[in-house]
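# Mind looking at a prediction? Sequence and model below.
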Amino acid sequence: GGVTTIDPGFKNTGSCKSAITFLDGEKGILRYRGYAIEDLAEKASFLEVSYLLIFGELPTQVELDKFEQDIKNESLVDEDIHKILDAFPKNAHPMGVLSSLTSALTAFNPRSVEITSKEDMYHAITMLMGKFPVLVSWCMRKMKGEPLDYGDIDLGYEESFAKMMFKRPNQEYKCNKTIINALDKLLILHADHEQNCSTSTVRIVGSSHAGLFASISAGISALWGPLHGGANQAVIEMLEAIKNDGGDFEKYITKAKDKSDPFRLMGFGHRVYKNFDPRAKIIKVAAEEVLADLGIEDPVLDVARGLSEAALNDEYFKSRNLYPNVDFYSGIIYRALGIPVEMFTVLFAMGRLPGWIAQWKEMRENKEPIGRPRQLYVGEPLRAYSEIKDRK
Ligand code: CMC
C-alpha cells in the first residue's frame with residue numbers, strides 16, 4: 001500500500017544522518033564539522049574549509065599542501081569543452097551554462113563515474129575541485145566576451161581563482177587583498193548548509209550511483225531558482241528597481257505583504273532560520289567593510305539598509321520571523337567586486353561545491369539506499385479504456 005500522510009516540501013522529514021553541518025534555526029547557529037561559522041569565516045581559507053567539510057578535520061599544512069597540489073594537477077579542462085561553451089549564445093544564463101559544462105565533464109572523464117575505492121573517490125573529488133573554478137570563470141568570461149584562461153599554478157587556490165575571474169585582457173593583473181579576502185569569506189559562508197534543496201538534489205541523484213559530476217550538475221540546476229541560490233541575483237534586481245522607483249521601499253513592503261501579489265521580499269526569510277541567519281550578520285559587516293576599503297559608494301546599499309530596517313520593524317515580518325538571509329547582502333559585495341549580476345548565483349555554486357562534494361561522499365560512504373519518496377495518490381480510480389473514435 002501507499003502512504004497515508006505526506007510532507008510537502010519535506011518540512012518535517014529527515015532524509016539522512018549527517019556529521020557535516022550543524023544548524024540550529026532557533027538560535028541562529030551554524031557549524032561545519034563542529035567549528036563555528038564565525039571562526040571559519042574570520043580565520044580559515046576556502047580550501048581549508050573545503051578540506052574540513054570533505055574529510056572531516058581541519059588539514060595540517062602538509063595535508064593542505066598535498067590537497068592543493070593534487071587539485072592543481074587536475075585543473076586542466078579538455079579543450080573540446082571550449083567548443084561546447086562556444087556554441088552557447090552569449091546571453092545564455094551562466095547557471096545553465098555551468099550546469100551543462102559540469103555535466104559534460106563526465107564525457108571527458110568517464111572514469112570519474114566508477115567509484116570502487118577510496119582512491120577513485122579522491123580522484124573524482126580533486127578533478128572537480130580543480131576544473132570547477134575554471135568553468136566558473138569561463139562562464140563569466142564568455143558573457144563578457146573575454147578570452148578564456150586557466151589558473152596560475154604559482155598561486156594558491158583562492159588567488160588563482162580570483163585571477164581567472166578578475167584579470168582583464170591587456171591589463172596587468174594585481175592581486176588585491178581586500179578582494180581576495182572578501183571572496184574567500186563569501187565562499188566559506190556558502191560552503192555548506194546541510195540538507196537544502198540543491199544538496200538534497202545532489203544526494204538523491206548520487207544515490208542512484210550516477211557520477212559525481214552529474215550529481216553536482218543537478219545540484220547547480222536546483223540552486224538556480226530564485227527561491228534558493230537565485231535569490232542573490234533577485235535581491236540586487238529588486239534593490240535596483242526600488243532605487244529607480246525613487247527609493248520608496250514602503251511600497252515594496254506593502255506589495256510583499258499582499259497575498260494576492262506574487263512579489264516576495266527577496267533575501268528575506270528562511271526555511272530553517274527563524275531568529276536570524278548568522279551568515280547574513282557576517283556578510284552585512286563584510287559588505288560595509290569592502291565598500292569602505294574599495295572606496296565605493298553604492299546607493300543600493302542605502303536602499304538595502306532602509307528596506308531591511310523597515311521590514312524588521314513591520315508586524316507582518318516580525319510575526320513570521322522573517323529576517324535578512326545570506327543572500328540579502330552578498331550581491332552588494334559581488335557588485336563592488338565588478339561581478340555581473342547574472343554571475344552571483346554561479347559564485348554561490350562555487351562556494352557550495354565542497355559542501356555538495358562532502359554530502360555526496362558521505363552518502364556514498366554510508367551506503368545509503370536510492371532516494372525514492374512515496375506519494376499519496378489522488379487521481380482517478382480504475383477506468384475502462386475507450387477507443388479514440390468514441391472520445392468526446
Ligand atoms: N516576503 C514576504 N513574505 C514571505 C517571505 C518573503 N520573502 N518569505 C516568507 N514569507 C511569508 C509567507 O508568505 C508565509 O506567510 P503566511 O504564513 O501568511 O502564508 C510565511 O512567511 C512562511 O513562509 P513559507 O513560504 O511558508 O516559508 P518556506 O520555509 O516555505 O520558504 C523561503 C522559505 C526562503 C523560500 C521564503 O522565505 C522565500 O521565498 N524567501 C525569498 C527568497 C529568498 O530569499 N531565498 C533565499 C533563501 S536563503 C539562501 C539559500 O539557502 O538558498
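Arrived safely.
# tell me the average confidence for the helix or strand Glu288 falls within?
Glu288 is part of helix 278-293, with elements assigned from DSSP states H and E. The pLDDT scores in helix 278-293 average 92.
# Show residues contacting it.
28-30, 37-38, 41, 178, 182, 185-186, 189-190, 296-298, 301, 323-326, 328-330, 332-333, 336-337 (CB atoms under 8 Å, 6 or more residues apart in numbering). Just so you know, the C-beta spots here come from the backbone N, C-alpha and C atoms, and that holds for glycine as well.
# which parts of it are buried?
By neighbour count on 16 or more other CB atoms under 10 Å, the buried set for helix 278-293 is Pro278, Arg279, Ala280, Lys281, Ile282, Ile283, Lys284, Ala286, Ala287, Val290, Leu291.
# closest to Leu128 among these?
Nearest to Leu128 among the buried residues of helix 278-293 is Arg279, at 23.7 Å by CB to CB.
# on that earlier part again, now, which of the contacts of helix 278-293 lie within helices?
Using DSSP state H, the subset of the contacts of helix 278-293 located in helices is 37-38, 41, 178, 182, 185-186, 189, 301, 326, 328-330, 332-333, 336.
# what subset of the residues you listed is also close to the ligand?
Restricting the ones in helices among the contacts of helix 278-293 to those near the ligand by CB under 6 Å from any ligand atom leaves Val326.
# Next up, the contacts around Asn313.
Contacts of Asn313 (CB under 8 Å, 6+ apart): none.
# out of the buried residues of helix 278-293, who's near the ligand?
Among the buried residues of helix 278-293, the ligand is touched by none when using CB under 6 Å from any ligand atom.
# rewinding a little: just the buried members of the ones in helices among the contacts of helix 278-293?
Judged by 16+ other CB under 10 Å, buried ones among those: 37-38, 41, 182, 185-186, 189, 301, 326, 328-330, 332-333, 336.
# tell me the mean pLDDT over the helix or strand encompassing Asp70?
Using DSSP H and E, Asp70 falls within helix 61-73. Helix 61-73 carries an average pLDDT of 98.
# what packs against the helix or strand that that helix is followed by?
Using DSSP H and E, the helix or strand that follows helix 61-73 in sequence is helix 79-87. Under the contact criterion of 3 or more CB pairs under 8 Å, 6 or more residues apart in numbering; DSSP states H and E, helix 79-87 touches helix 94-108, helix 118-144.
# how about a cut-off of 7 Å?
Judged by 3 or more CB pairs under 7 Å, 6 or more residues apart in numbering; DSSP states H and E, helix 79-87 is in contact with helix 94-108.
# and the helix it packs on, how far from the chain's centre?
Computed by CA atoms, centre = their mean, to the nearest Å, the chain-centroid distance of helix 94-108 equals 15 Å.
# Need the residues that contact that helix.
Residues outside helix 94-108 that contact it (CB atoms under 7 Å, 6 or more residues apart in numbering): 78, 80-81, 84-85, 88, 112-113, 131, 135-136, 139-140, 142-143, 211, 213-214, 216-217, 220-221, 224, 342-343, 345-346, 349.
# any idea how far Lys66 is from the ligand?
Separation of Lys66 from the ligand (CB to the nearest ligand atom, to the nearest Å): 32 Å.
# The nearest residue in space to Leu183 that is not next to it in sequence: what's it in contact with?
Using CB to CB, 6 or more residues apart in numbering and skipping residues adjacent in sequence, the residue nearest Leu183 is Ala162, 5.9 Å away. Residues in contact with Ala162, defined by CB under 7 Å, 6+ apart, are Cys175, Ile179, Ile180, Leu183.
# can you tell me which helix or strand Ala162 belongs to?
Going by DSSP H and E, Ala162 is part of helix 157-166.
# repeat for Gly379
Counting by DSSP H and E, Gly379 is part of no helix or strand.
# how about it, phi and psi?
Per-residue torsions, Gly379: phi -90, psi -170 (degrees, to the nearest 10).
# One more: Ser45?
phi -100, psi 160.
# if I look at Asn196, how far off is Lys361?
From Asn196 over to Lys361 the distance is 17 Å, taken as CB to CB, to the nearest Å.
# Next, the angle from the helix holding Asp70 to helix 118-144.
Angle, helix 61-73 to helix 118-144, by axes from the mean of the first three to the mean of the last three CA atoms, to 10 degrees: 60 degrees.
# pull the CA atoms of helix 61-73 into PDB?
Provided in PDB are the C-alpha atoms of helix 61-73 (Å, rounded to 0.1, in the frame of the first residue of the first chain):
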ATOM      1  CA  GLN A  61      49.900  22.300   6.500                       C
ATOM      2  CA  VAL A  62      51.300  19.100   4.800                       C
ATOM      3  CA  GLU A  63      47.700  17.800   4.200                       C
ATOM      4  CA  LEU A  64      46.600  21.100   2.800                       C
ATOM      5  CA  ASP A  65      49.600  21.400   0.500                       C
ATOM      6  CA  LYS A  66      49.100  17.900  -0.800                       C
ATOM      7  CA  PHE A  67      45.400  18.600  -1.400                       C
ATOM      8  CA  GLU A  68      46.200  21.800  -3.200                       C
ATOM      9  CA  GLN A  69      48.800  20.200  -5.400                       C
ATOM     10  CA  ASP A  70      46.600  17.200  -6.300                       C
ATOM     11  CA  ILE A  71      43.900  19.700  -7.300                       C
ATOM     12  CA  LYS A  72      46.300  21.700  -9.400                       C
ATOM     13  CA  ASN A  73      47.400  18.600 -11.200                       C
END
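# who touches the residue in the chain that the ligand sits nearest to in this structure?
Nearest to the ligand in the chain, going by CB to the nearest ligand atom, is Gly269, at a distance of 2.4 Å. Taking CB under 7 Å, 6+ apart as the contact definition, Gly269 lies against Leu322, Asn325.
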